[in-house]
Every structure is written in structure tokens, then in C-alpha cells.
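Student: Need a 3D model of the sequence below.
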Amino acid sequence: MTYSVSRLAAMVDDTVSWASVRVADSVPGPEWVSCAEVVAEQQAGGDPTYEWRKALQDDYGREYATEPPVQVAAMFTLMWYVQVPSLVAGVTSALAGVSPDVSPGSLAFRRHPTAHYPSEIALLTDRIVTMGQAAVQLDKHTAAFLDSYRPGVKIGPFQRFGAVKDEVRQAIRLPEEAPYADQAAAAFEVSLDQRFRTSCCYLYALPNVDACSTCPRFR
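Tutor: Sure, this is the predicted structure:
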């Protein structure tokens, strides 16, 4: 079957309850975040996710009436950024066996105004790639972001890159019926049988918050 990027976008949109996905010729507006610009600014020594992390940090402080550990907002920002290409590549690969291009120049997103996670995604591409090509693009895109991510607290490489595997694994699992799920898992080098996450969100560090049931601390 031949797929268009619009059809693949609709697949993700129908599958992911917390995010909408569209096709656009360019970054849709000033509130949108260009993945290419984030990566380029970080690689130039900038900190384009500072305001994102600060918004999370301030919200956690108000909600829990404490000064939250810096790593909580830093890790959620990291996970939510890598979730953008992971969702697109993982869901479409599982459902269709192909994916839109997920390199930085092909993606933009807009954050939820109060919860701050990426709630809208724009595909800025008409290119469709194989699962294997999408896996390579995902690795290169996320490595470019993670290698230059400086959130003011140490996050080791196992934690950083483990988050990518966690997000793409979850994306492949999302569709109720996914005819290419096993092939997608092989292409992205994840196990669908893995119960616990590889990375940790550190949410348990906040007052009176229990660790998630899939927290790697329980392994």
C-alpha cells in the first residue's frame, strides 16, 4: 500500500489521545518550536529549552510547595522533546511499516499552554522513509539534541539515551492493532516485552509522590 504523509499524520493523530498531528509547509506560527532551531541553538552553545524547564520548575514548586529538584523538570523536558520524533516514527512504523522523515528539519511542535508537554506536532515534509531509515534518523536527531542538552544538572548518557528507547517502545505499543509492531521493534532495537523503563523521570523525588509502576528503580 502506498501512503502519503497526510495519511501517516492522520494515523498518529487517531492513535495518540494527547497530541494532534498535522502536515504543514513551514513552522505554523510563532508559538511553535522548530526542532531544527532547537538543535542548532544548542549546538551553538545556547539553551533554547530554558523557558520550558523554568515553566515546569515553577509549576512543580507551586503544586508541591517546595523547591523541586532541578533534574525533574530537566528530565521531563528531555523526554518530551525526544517523544516528538519517537511518536511519529514509532506509531507509523507499527501501523504502516513506513514513517515520515523525522530529522530535525522535518518536525515542529507546540507545547500545551498549562501542562507544557508537546500537544501539537507538525510534519514539515513530504518524504516517506522505511522503518530502517526512520530508526537511523531518530538516532541522529535525538543524539544531536541529547549531546548538546545542558539543563544545569548532570544526566548521564544511559539515562538520556534510554529515554529515546522508552519513548519509541511506547509509541510502537500505542496502536491497538499494529501489523508491523514486531518489525518496528526490531528496526528501532527495542523489546516490546520489556516491562520497566530504561530511564527515570525522577518524579518520585517530589514530596509524597510514589514511583511509577514501570520505574527502573523496581527492576
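Student: residue with max distance from the center of the chain?
Tutor: Residue farthest from the centre of the chain, counting by C-alpha atoms, centre = their mean, is residue 65 at 28.3 Å.
Student: Next secondary structure element downstream of the helix-or-strand element of the chain with minimal mean pLDDT?
Tutor: Between all helices and strands in the chain, the lowest mean by mean pLDDT, DSSP states H and E belongs to helix 50-64, at a mean of 92. Downstream of helix 50-64, the first helix or strand assigned by DSSP states H and E is helix 70-96.
Student: how far out from the middle of the chain is that next one?
Tutor: Mean-position distance between helix 70-96 and its chain equals 1 Å (C-alpha atoms, centre = their mean, to the nearest Å).
Student: One more: stretch 11-31?
Tutor: 13 Å.
Student: ok, now which ones touch the most centrally placed residue in the chain?
Tutor: In the chain, the centroid-proximal residue (C-alpha atoms, centre = their mean) is residue 83; its distance is 0.9 Å. Contact analysis of residue 83 by C-beta atoms under 8 Å, 6 or more residues apart in numbering lists 117, 118, 167, 171. For every residue, glycine as well, the C-beta is placed using N, CA and C.
Student: Quick one: residues contacting the residue nearest to residue 16 when sequence neighbours are not counted.
Tutor: Nearest non-adjacent residue to residue 16, counting by C-beta to C-beta, 6 or more residues apart in numbering: residue 87, 6.1 Å away. By C-beta under 8 Å, 6+ apart, residue 87 lies in contact with 12, 16, 19, 121, 167, 171.
Student: before we move on, which element is the last one in?
Tutor: Residue 171 is located in helix 157-173, with elements delineated by DSSP H and E.
Student: Output that helix as PDB - backbone C-alpha positions only.
Tutor: Only the C-alpha atoms of helix 157-173 are listed here, as PDB (Å, rounded to 0.1, in the frame of the first residue of the first chain):
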ATOM      1  CA  PRO A 157      24.200   9.000  28.800                       C
ATOM      2  CA  PHE A 158      22.400   5.900  29.900                       C
ATOM      3  CA  GLN A 159      19.500   8.000  31.200                       C
ATOM      4  CA  ARG A 160      19.500  10.300  28.200                       C
ATOM      5  CA  PHE A 161      19.600   7.700  25.500                       C
ATOM      6  CA  GLY A 162      17.500   5.300  27.500                       C
ATOM      7  CA  ALA A 163      14.600   7.800  27.300                       C
ATOM      8  CA  VAL A 164      14.600   7.500  23.500                       C
ATOM      9  CA  LYS A 165      14.200   3.800  23.600                       C
ATOM     10  CA  ASP A 166      11.500   4.100  26.200                       C
ATOM     11  CA  GLU A 167       9.600   6.600  24.100                       C
ATOM     12  CA  VAL A 168       9.800   4.700  20.800                       C
ATOM     13  CA  ARG A 169       8.900   1.500  22.500                       C
ATOM     14  CA  GLN A 170       5.800   3.100  24.000                       C
ATOM     15  CA  ALA A 171       4.900   4.600  20.600                       C
ATOM     16  CA  ILE A 172       5.100   1.200  18.900                       C
ATOM     17  CA  ARG A 173       2.800  -0.200  21.600                       C
END
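Student: Report the buried residues of the helix or strand hosting residue 135.
Tutor: Assessed by DSSP H and E, residue 135 sits inside helix 131-148. Buried residues in helix 131-148, counting neighbours by 16 or more other C-beta atoms under 10 Å, are found at 131, 133-135, 137-139, 141-142, 144-146, 148.
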